[in-house]
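Chemist: here is my input; please provide its structure:
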Amino acid sequence: MLLSELIALSNEEQTARGLLFTPREIAQQPQTWQGTYDIVRRHEAELCRFLEAAGVRDEVTLRPIVWLIGAGTSDYIGQSLALLLREKWGCEVSAVESTDLLPNLDEYVVPGRRYLWISFSRSGDSPEGVAVLDRAVKRYPEVTQLVVTCNQKAAMADICRNAANAHVVVLDDAVNDRSLVMTSSYTNMIVFGQCLAHAWNLDEYGDTLQGLIAAGKDLLPRASELAERTARMSFPRVCFVGSGTLAGVAQEAALKVLEMTAGQIKSSYETVLGLRHGPMAALDAETLFVAFVSGDEARGGYAYDLLAEITQKQIVGQRIAVGPAAVQARFADVCDIFLPIAVDCDDAYRPILDVMFGQLLGLYSSIGHDLKPDSPSAGGVINRVVAKFALY
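Modeler: Numbering: from 1, shown residues only. Next up, the predicted model:
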C-alpha cells in the first residue's frame, strides 16, 4: 500500500493501526519546507543582526566556535548541517550531543573562547536539552544561544526568552510531529539551518530550495513504492552508509528503522570509508545495505569502490544506492537497485531528500512487523519526549 493510500484510509482505520500521524508527516515534508523558509524571510533582518552580534561576520580569527546541539535525531540535524555552515560562515562548526555535553559541560567549554550554540529540539522539553541550556545560561552567560524548536511552549524557549545574549525561533506547529519519531521536524529544522547558512543571501538559497521541493515531490511516490517492496523482504538487519553530510542521513535513517520497528530490525550506520575498519564484519546475507551516494566525483568514487567490494565479496542480501539521477549509470553494476533523485545540487543540501527513503523504510517495516508506527514501542521503552530522569 503506497503512502498516498495509507493517508486515504478512514480516520478510524488509521487510528486503530497507529497510522494517523506518521504517513501524513512524512508525506507533507516537501510542501512544508517553503513555510520554514518564509519564517526565516520574515525574521531575516533580526536573525542577521543576532548572528552579526555573535561574531559570525567578524574577522576570521575572531569568529565564534559554533556548536550544533541536540540529542538523537536533533543531534543528526547538527551532523547534517555542520559542513555547510562551516563552509558558508568560515567558522569552526561541530555537532555536539547534549547527552554528552550535560555530564561534561565544564570540560567542553574553554574559558575565554567565543561561542555560538545552536540547539535543535522538536519539543524543546527533553530533560538533557533543558538542563544543559539552563546550566550554560547561568554558568556561561557570555555564550550566545540560539534555540530552534517546533513547540511554542518549549521549556528551552522559555529559558532563552528570559536570558540575555539569546534568541528563539519556533517553526510552524504543523511540523511539530505528533508521531513518536521525528520526520518533518527533522527536515524542516535542516531547512532552517540551510537558511542560516545563507542568511545574508536568502534569495540564492530560495532558488535551491525550489529545486529541492520539486525533487521531494517527485521522489516520495517512488521511494514509497521501493520502501514498501523492500520491507516485504523482511531483512532482520540493515546498514546505512554515507559520506560527509550524507553520513548524518545514514545515522538518521538507521534510527528511523530501529525506532519504528521497536528494535526488531537491527540497524547500523557508518561512513563510507569507515565501514572497512571493523563494522563490515557485521554484514551478512540477511543484511540490507543502503548507500547514500555522492554526486561529487571523489566522494562518489569512494562509495562506488565500497559497493564494488561488497559485491565482489557477496556479503549482503541486497544493495540499494540512493543518489542523483546523473550518477545512476555509474553505479548500475554495483547495486541491485538505484533510487534516483531528480536534483542537481551539492551533497550539503540533500539530507532532506535522501532521508525520506529511510523514513519510509522504517514506516513499512513497522507495518510489516504488525506494529503501530505512531507508537511502535508498546511497552513504553521509548517515548516521544524522553522521560525525566535524575540530574546531577
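Chemist: let me see the domain layout of this protein.
Modeler: The chain breaks down into these domains under automatic domain parsing: 43-200, 219-368.
Chemist: compare those domains and give me the one nearest Met1.
Modeler: The minimum distance between Met1 and those falls on domain 219-368, with 6.9 Å, by CB to CB. Glycine gets a C-beta too; all of them are placed from N, C-alpha and C.
Chemist: Leu306: neighbour count?
Modeler: Counted by other CB atoms under 10 Å, the residues lying close to Leu306 total 23.
Chemist: kindly report the same for the one 10 residues further on.
Modeler: Here the count is done by other CB under 10 Å, and Val316 has 24 residues near it.
Chemist: now the residue lying closest to it once chain neighbours are set aside: how far from Tyr140?
Modeler: Spatial nearest neighbour of Val316, excluding adjacent residues (CB to CB, 6 or more residues apart in numbering): Phe289 at 4.2 Å. Phe289 sits 43 Å away from Tyr140, going by CB to CB, to the nearest Å.
Chemist: which among the domains of the chain is found nearest to Gly379?
Modeler: Short answer: domain 219-368, nearest of those by CB to CB, at 8.2 Å.
Chemist: hmm, back to that, tell me if the residue nearest to Val316 really is in a strand.
Modeler: Yes: looking at Phe289 with DSSP: H, G, I helix; E, B strand; the rest coil, it is inside a strand.
Chemist: where does the most centrally placed residue in the chain fall, helix, sheet strand or coil?
Modeler: By CA atoms, centre = their mean, the chain has its centre lying nearest to Ile77, at 4.3 Å. On the three-state scheme (three-state DSSP), Ile77 is labelled helix.
Chemist: next: the one 10 residues further on.
Modeler: Applying three-state DSSP to Glu87 yields a three-state assignment of helix.
Chemist: touching, it and Ala348? I think so.
Modeler: Yes: counting by CB atoms under 8 Å, Glu87 touches Ala348, with 7.3 Å between them.
Chemist: ok, these two, which is more surrounded?
Modeler: The residue with more neighbours, out of Glu87 and Ala348, is Ala348; 21 against 13, by other CB under 10 Å.
Chemist: tell me the contacts of the more buried one?
Modeler: Contacts for Ala348 were tallied using CB atoms under 8 Å, 6 or more residues apart in numbering; they are Leu83, Leu84, Glu87, Gln194, Gly244, Thr245.
Chemist: residues contacting the third one?
Modeler: By CB under 8 Å, 6+ apart, the contact list for Glu87 reads Ala197, Ala348.
Chemist: just the second one next, same as before
Modeler: Listed by CB under 8 Å, 6+ apart, the contact partners of Leu84 are Gly193, Gln194, Ala197, Thr245, Ala348, Tyr349.
Chemist: great, nothing more from me.
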